[in-house]
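In: how does the following fold in three dimensions:
(one chain, ligands or ions: 3)
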Amino acid sequence: MFKIGCHLSNAKGYRNMAEEAHKIGANTFQFFTRNPRGGNAKPINEQDIAEFKKLSGEYGIDVILAHAPYTLNCCSAKPEIREFAIRTMKDDLNRMEYTPNNLYNFHPGSHVGQGIEVGIELIIQALNEVLDSKQTTTVLLETMAGKGSEVGSKFEEIRQIIDGVKCQEKLGVCLDTCHVSDAGYEISNNLDGVLQEFDHIIGLERLKAIHINDSMNPIGSHKDRHQKIGEGTLGLETFEQIIKHPNLKNLPFYLETPNELEGYAKEIELLRTIRKGK
Ligand code: FE
Ligand code: FE
Ligand code: ZN
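Out: Ligands and ions are numbered 1, 2, ... in the order given. Model prediction:
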């Protein structure tokens, strides 16, 4: 089954996200656990969660992906910023247990001049504090564009992080198509080669989700500016290959393109048409 959705606002709660997803033809979605810049999360409303679960069942919505605030930095040079990231992620994962067996994605972080090795070590330490063998959520490391001092733009860095984590069974990877291209991986001309490399270094069994975004910038630009599907440097043919690829087609796909709901509905329809082969 084609699992396709987009990023939705959780401002009006879980039930509302299920309704919005269904309305735009999505059967999964991504949302921020709280204000993307950080801050407090709204308390969980159990009634809202119960209604969300009922509606999701009716609509066939599942594999929801919570995205950590993008301002968190597990490998900051400042201990209080690292501690804030750990506290926030722990709180998010506790909340995720109200909707068990789903996914939680985070940006590994920026080493801010401490060097990649220190960055990786700090991310490992954070994950070892955050992950709990009893949690039902799988935590995903997002592949990054390599903007500034971002960690996680090379598959080897992600591998190194996973290797240092104790609860590896709770860890996976979310591949962002804009980010990997900006990081220098040739998914347009050599998708098979990139996936082989991913498999060789990380293992395809770790790949749990795809952020499906075109890029405003050329391969290797390290910019991280998302573009609408087919309107960027990756182009529609790349996305046709991606959503039909035997190693990817059963994963959930999440659009994070510059769109309002109406635009997302169109992109979802476009991708569904391509997937069927017209
Ligand atoms: Fe992200
Ligand atoms: Fe992303
Ligand atoms: Zn991005």
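
In: ligand 2 contacts on the chain?
Out: Counting by C-beta under 5 Å from the ion, the chain comes close to ligand 2 at 176, 211. (Glycine included, C-beta is placed from N, CA and C.)

In: and the helices in the chain?
Out: Secondary structure of the chain (DSSP state H): helices located at 13-23, 46-59, 79-96, 116-130, 155-164, 177-182, 191-201, 235-244, 261-276.

In: for the chain, give me the ranges with low pLDDT.
Out: Scanning the chain for pLDDT under 70 picks out 278.

In: try 90 this time
Out: Across the chain, the ranges flagged by pLDDT under 90 are 35-42, 277-278.

In: which among the helices of the chain is found nearest to Leu141?
Out: Between Leu141 and the helices of the chain, the tightest spacing by C-beta to C-beta is seen for helix 155-164, at 5.5 Å.

In: ok so, going back, tell me the most buried of the helices of the chain?
Out: Looking across the helices of the chain with neighbours counted as mean count of other C-beta atoms under 10 Å, the highest average goes to helix 177-182: a mean of 27.

In: who's Ile212 bridged to?
Out: For Ile212, the beta-bridge partners are Leu255 (DSSP bridges).

In: got a list of what it touches?
Out: Listed by C-beta atoms under 8 Å, 6 or more residues apart in numbering, the contact partners of Ile212 are 177, 229, 239, 242-243, 253-256, 271.

In: Gln227: neighbouring residues, count only.
Out: Gln227 has 17 neighbouring residues, counting by other C-beta atoms under 10 Å.

In: quick check: the nearest residue to Gly109 once chain neighbours are set aside vs Ser133, distance?
Out: With sequence-adjacent residues excluded and distances taken as C-beta to C-beta, 6 or more residues apart in numbering, Gly109 is closest to Cys75, at 3.9 Å. Taking C-beta to C-beta, to the nearest Å as the measure, Cys75 falls 23 Å from Ser133.

In: out of these two, which sits in the more crowded spot?
Out: A count of neighbours by other C-beta under 10 Å puts Cys75 above the other of Cys75 and Ser133, at 27 against 8.

In: is it true that the more buried one touches Ile81?
Out: No. Contact criterion C-beta atoms under 8 Å: Cys75 and Ile81 do not qualify, at 9.3 Å.

In: what residues are bridge-paired with Asn105?
Out: His67, Leu140.

In: ok, now which ones touch it?
Out: For Asn105, the contacting residues are 30, 65-68, 139-140, 142, 174, 209, by C-beta under 8 Å, 6+ apart.
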